[in-house]
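below are the sequence and a predicted model; questions follow.
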Amino acid sequence: MAGVDVGGTRVKSVLSDADGSIVLAHTAPTPTQPGERVVDVISETVSTLLDRAVDEGLDGMLTAVGAVVPGLVEEATGVAAWSANLGWRDLPLRERLEARFDVPVAVGHDVRAGLLAEHRLGAALGVPDALFVALGTGIAGALLTSGRVVAGTEWTGEIGHVTVAPEGPVCGCGRRGCLEAVASAGALGRAWRELGREGDAEAVSRAVAAGDAEAIRIWEGAIDALVRVIAPVCAAAGTRVLLVGGGLALAGGVLLDPLRDRLVGALGHERITVTHAALGDRAAALGASLLALETLT
């Protein structure tokens with residue numbers, strides 16, 4: 001099976017065998033605003049994996065494909081309904097991919113797929129209830145309740161487009177002050193560069209650790225915005241485990257420690273664990289391969 005995760009900056013992919021074990025992994029840059037060309041991107045990625053498998057003397061037979069993308073995804077129909085950052089709308093992704101590959105195709109949401117992988121293989125293994133928040137180019141969440149990833153509607157998990165600062169920066173969706181425009185890795189990098197500094201969100205996190213006052217101001221503003229959105233979700237669902245993934249999670253304790261402290265303050269109790277997602281940036285691709293596997297059962 002091939003699992004492909006089309007992210008805002010990189011396309012991560014894995015090739016796995018019949019029991020779900022990864023045999024190959026691949027990463028490539030995501031083209032700028034690929035739009036409907038994402039079908040070509042996924043197809044070329046799968047071809048690259050299969051070619052590498054043959055070159056390495058592995059079985060290059062393709063049995064199923066799982067593809068996961070950000071934004072609004074209608075998983076039942078396989079339609080990628082909308083992506084603010086990558087530029088498609090109402091794209092019949094599963095239909096287009098099935099026309100390229102003579103195998104079953106599963107299409108899903110990247111963050112829900114990441115949570116599925118974390119529940120089956122990673123930090124949420126054996127945990128019945130968890131919230132997974134991916135902090136990368138954009139922001140989205142996925143909820144696990146009673147051992148099941150909540151699918152809901154195509155809008156499920158789109159916490160990145162909750163308004164937290166009505167007069168704030170313009171978001172990729174066209175509105176002002178969305179959580180994604182304030183607290184994503186992309187937003188932090190932009191705010192940093194607007195101060196005349198060099199670098200991205202990683203540079204901000206290093207500056208925070210070094211005690212830079214401007215970096216701390218930007219960082220704390222982002223954490224406050226995250227807590228205002230995450231805390232009500234945890235309270236409503238009774239969630240006790242928060243998994244943080246995406247590029248921003250690489251900041252480690254610089255992010256996770258104050259995030260937990262402020263969540264405890266907002267929730268009024270300490271019965272919440274905030275931890276780094278265990279599978280790193282491969283979580284969604286792994287989840288995509290699990291979705292592919294499910295098409296064969």
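Here it is on my side, so go on.

only C-alpha atoms from now on, for both contacts and neighbour counts.
Noted.

okay, now A117: neighbour count?
Look at A117: counted by other C-alpha atoms under 10 Å, it has 26 neighbours.

could you do G3 as well?
Neighbours around G3, by other C-alpha under 10 Å: 34.

part of a strand, is it?
Yes: secondary structure of G3 (DSSP: H, G, I helix; E, B strand; the rest coil): part of a strand.

can you check the pLDDT for it?
pLDDT, G3: 98.

T297 now?
Per-residue pLDDT puts T297 at 80.

from V103, how far off is it?
Distance, T297 to V103, by C-alpha to C-alpha, to the nearest Å: 13 Å.

likewise S184?
Going from S184 to V103 by C-alpha to C-alpha gives 36 Å.

of these two, who's got more company?
Comparing S184 with V103 by other C-alpha under 10 Å, the one with more neighbours is S184, at 26 against 16.

residues in contact with the more buried one?
Shown in contact with S184 (C-alpha atoms under 8 Å, 6 or more residues apart in numbering): 135-139, 222, 248.

now do 10 Å
For S184, the contact set (C-alpha atoms under 10 Å, 6 or more residues apart in numbering) comprises 134-140, 160, 178, 190, 201, 222, 226, 246-248.

longest helix anywhere in this protein?
Across the chain, the longest stretch assigned as helix under DSSP state H is helix 213-237.

what mean pLDDT does that one get?
Here the average pLDDT along helix 213-237 is 97.

which other helices and strands contact that helix?
Under the contact criterion of 3 or more C-alpha pairs under 10 Å, 6 or more residues apart in numbering; DSSP states H and E, helix 213-237 touches strand 130-135, strand 139-145, helix 179-183, helix 185-194, helix 201-209, strand 241-245, helix 253-267.

next, format those as JSON lines and append mean neighbour count, distance to G8 and mean pLDDT.
Shown next, in JSON lines, are those (neighbours: other C-alpha atoms under 10 Å; distance: least, C-alpha to C-alpha, whole Å; pLDDT from 0 to 100):
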{"stretch": "strand 130-135", "mean neighbour count": "26", "distance to G8": "11", "mean pLDDT": "96"}
{"stretch": "strand 139-145", "mean neighbour count": "24", "distance to G8": "11", "mean pLDDT": "96"}
{"stretch": "helix 179-183", "mean neighbour count": "31", "distance to G8": "13", "mean pLDDT": "97"}
{"stretch": "helix 185-194", "mean neighbour count": "20", "distance to G8": "10", "mean pLDDT": "96"}
{"stretch": "helix 201-209", "mean neighbour count": "19", "distance to G8": "15", "mean pLDDT": "97"}
{"stretch": "strand 241-245", "mean neighbour count": "24", "distance to G8": "14", "mean pLDDT": "96"}
{"stretch": "helix 253-267", "mean neighbour count": "17", "distance to G8": "21", "mean pLDDT": "97"}
